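J.: Structure of the sequence below:
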Amino acid sequence: MSQAAESWSSPLPGRIQSRAVAVGVAALLLCGLGGIGSPGHFFRAWLVAYNFWLAIPLGCLVLLMLQYLTGGAWGMLLRRVLEAAVRTLPLLAVLFVPLLPGMSWLYRWAGSTELAMEPPFERQRLYLNVPFFVGRAIGYFVIWLLLAYFLNRWSAEQDQAAQPDSARRFRLLSGPGLVLYGATITFASIDWVMSLEPRWASTMYPVLFAVGQVLSGLAFASVVLLLLAERPPLAEMVGPTQRRDLGNLLLTFVMMWAYLSFSQFLLIWAANLPEEIPWYLRRTRAGWQWLAVVLVVLQFALPFLLLLSRDIKQNGRALAGVAGLVLALRFLDLFWWIEAAFPDSLPLACLLDVLALVGIGGVWVGYFIRLLNQRPLLPLHDPYRSEYLPEQRHE
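T.: Residues are numbered from 1 along each chain as shown. Okay, the predicted model is just below:
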């Protein structure tokens with residue numbers, strides 16, 4: 001790495017990476033032991049935790065492409081965090097494999113001959129079958145990995161030397177890339193989560209799923225950036241204006257998630273269709289209703305009120321706390337979506353869900369830190385850098 005690159009690097013301590021991996025491996029071993037006695041709960045826990053951690057790099061991929069399309073200096077500070085998160089997708093592609101042996105435990109259409117004989121399912125068998133499910137998953141990851149590869153490769157080339165046509169090249173990929181993301185995440189959300197209850201369907205669900213991923217990615221990137229901004233070189237770059245802009249962006253996606261969640265609930269409840277109402281009935285009874293209340297209060301109402309405050313948005317630690325709360329509630333939202341489809345043995349489900357969350361998360365965080373430390377924290381030849389840095393020196 002050149003001296004210029006080193007001057008913009010601020011690697012995280014290696015001990016954080018090693019500790020994260022150690023904790024993750026230990027939690028995975030405990031989760032695996034629990035899965036021996038209850039494989040059904042193990043696969044459910046893995047599905048919840050996997051979707052939570054996958055949402056972060058995919059959400060970061062969307063934010064990265066949005067920034068390249070809209071331009072401006074707002075994304076320069078987040079760029080390296082977003083890119084490092086996106087480069088963890090190969091690891092998550094590998095971590096998807098343990099779900100394949102558990103398909104008959106997770107999806108009734110994959111292991112139930114009785115369901116296959118029901119008339120409504122007859123029309124779904126061409127889509128909901130194991131070989132096509134696996135083939136589609138491979139297709140999703142191929143598309144996501146290709147987008148991640150080219151965006152990161154071109155960014156690395158830009159660090160080595162100025163690329164006059166780099167902005168145009170990024171835009172040409174990001175536009176179709178967002179379309180491809182929208183198409184793939186629509187089918188992925190149907191395959192991996194909606195089909196847990198094959199009699200239920202919602203046209204708004206894939207959009208809600210995608211917005212939840214962007215919210216996860218933004219909340220995670222905000223926490224990392226604000227923590228890194230407590231020391232050089234980002235301490236001189238992330239000022240009150242940048243924190244306020246970041247808070248406003250987080251507020252926007254919190255409101256989008258709440259709007260879509262309420263809209264889906266309102267439309268299904270108003271239609272009062274017997275094949276749609278049970279989805280909400282299962283999630284508002286037998287104790288699940290309290291988790292629904294927690295999601296409404298802590299994932300929308302409280303962050304919404306806090307992010308309206310200019311003082312909180314300009315305070316780095318307060319804003320990081322709000323973003324961390326939103327990220328934690330994203331896990332509870334997925335837990336509510338997925339585990340409520342299997343309303344049995346909730347205490348054991350909670351234990352394995354936590355172990356899977358910590359296990360996958362520890363390995364993922366360790367890998368993310370390693371990738372983040374490989375590149376300078378600020379792009380070296382970003383076209384907006386010349387107009388951005390003088391502004392920071394002025395402030």
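J.: Going by C-alpha atoms from here, please, whenever you check contacts or count neighbours.
T.: OK.
J.: dump the residue contacts of residue 89.
T.: Going by CA atoms under 8 Å, 6 or more residues apart in numbering, residue 89 touches 54, 57, 144, 145, 148.
J.: again with residue 208
T.: Counted by CA under 8 Å, 6+ apart, residue 208 has contacts 257, 260, 261.
J.: distance of it from residue 261?
T.: 7 Å (CA to CA, to the nearest Å).
J.: Of the contacts of residue 208, which is the most crowded?
T.: The member of these that has the most neighbours, counting by other CA atoms under 10 Å, is residue 257 with 23 neighbours.
J.: Just to check, that residue is in contact with residue 210?
T.: No: using CA atoms under 8 Å, residue 257 is not in contact with residue 210, being 9.5 Å away.
J.: Using PDB, write out the CA atom coordinates for stretch 293-302.
T.: Coordinates of each C-alpha in stretch 293-302 appear next as PDB, following Å, rounded to 0.1, in the frame of the first residue of the first chain:
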ATOM      1  CA  VAL A 293     -45.900  -4.300  20.300                       C
ATOM      2  CA  VAL A 294     -42.200  -4.200  20.900                       C
ATOM      3  CA  LEU A 295     -41.500  -3.900  17.200                       C
ATOM      4  CA  VAL A 296     -44.000  -1.000  16.800                       C
ATOM      5  CA  VAL A 297     -42.600   0.900  19.700                       C
ATOM      6  CA  LEU A 298     -38.900   0.200  19.400                       C
ATOM      7  CA  GLN A 299     -38.400  -0.200  15.700                       C
ATOM      8  CA  PHE A 300     -40.600   2.700  14.700                       C
ATOM      9  CA  ALA A 301     -42.100   5.000  17.400                       C
ATOM     10  CA  LEU A 302     -39.000   5.500  19.500                       C
END
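J.: Where does the prediction get shaky in the stretch 151-300 of the chain?
T.: For the stretch 151-300 of the chain, applying pLDDT under 70 flags the ranges 163.
J.: 90 instead?
T.: Filtered on pLDDT under 90, the stretch 151-300 of the chain yields the residue ranges 155-168, 197-203, 229-242, 267-278, 281-288.
J.: now the stretch 1-150 of the chain
T.: Regions of the stretch 1-150 of the chain meeting the criterion pLDDT under 90 cover residues 1-18, 34-35, 37-38, 40, 70-77, 104, 108-129.
J.: quick one, helices of the stretch 201-350 of the chain?
T.: For the stretch 201-350 of the chain, the helices defined by DSSP state H, counting those that start in this stretch cover 205-228, 240-271, 277-282, 288-294, 302-307, 310-314, 316-339, 346-372.
J.: Pull up the gap between residue 284 and residue 336, please.
T.: The spacing between residue 284 and residue 336, counted by CA to CA, is 10 Å.
J.: which of the two has more neighbours?
T.: residue 336 (20 against 17).
J.: wouldn't that one be in contact with residue 285 here?
T.: No: the criterion here is CA under 8 Å, and residue 336 misses it with residue 285 at 11.8 Å.
J.: In this structure residue 358 contacts residue 27, no?
T.: Yes: applying CA under 8 Å as the test, residue 358 and residue 27 come out as touching, 6.2 Å apart.
J.: show me the contacts for residue 358.
T.: Residues counted as contacts of residue 358 (CA under 8 Å, 6+ apart) are 23, 24, 27, 28.
J.: any idea which helix or strand carries the first one?
T.: Spelled out, it's residue 23. Here residue 23, judged by DSSP states H and E, is contained in helix 14-37.
J.: Quick one: list the elements packing against that helix.
T.: helix 39-70, helix 346-372 (3 or more CA pairs under 8 Å, 6 or more residues apart in numbering; DSSP states H and E).
J.: for the last one, which positions count as buried?
T.: In terms of neighbour count (16 or more other CA atoms under 10 Å), helix 346-372 has its buried residues at 349, 351-372.
J.: before we move on, what about stretch 176-185?
T.: Those buried within stretch 176-185 under the rule 16+ other CA under 10 Å are 177, 178, 180, 181, 182, 184, 185.
J.: ok, the nearest residue to the first one once chain neighbours are set aside - how many residues close by?
T.: Just to be clear, that refers to residue 177. Excluding the flanking residues, the one nearest residue 177 by CA to CA, 6 or more residues apart in numbering is residue 147, at 6.7 Å. Using other CA under 10 Å, residue 147 has 22 neighbouring residues.
J.: Let me know whether residue 147 touches residue 178 as I believe.
T.: No: contact criterion CA under 8 Å: residue 147 and residue 178 do not qualify, at 9.7 Å.
J.: Need the residues touching each of the two.
T.: By CA under 8 Å, 6+ apart, no residue touches both residue 147 and residue 178.
J.: Spatially central residue for the protein, please.
T.: Ranked by distance to the mean C-alpha position of the chain (CA atoms, centre = their mean), the top residue is residue 55 at 1.9 Å.
J.: where's that one relative to residue 324, distance?
T.: Per CA to CA, residue 55 is found 15 Å from residue 324.
J.: Pull up the gap between the residue lying closest to residue 221 once chain neighbours are set aside and residue 135, please.
T.: Nearest non-adjacent residue to residue 221, counting by CA to CA, 6+ apart: residue 81, 6.0 Å away. Plainly put, residue 81 is 31 Å away from residue 135 if you go by CA to CA.
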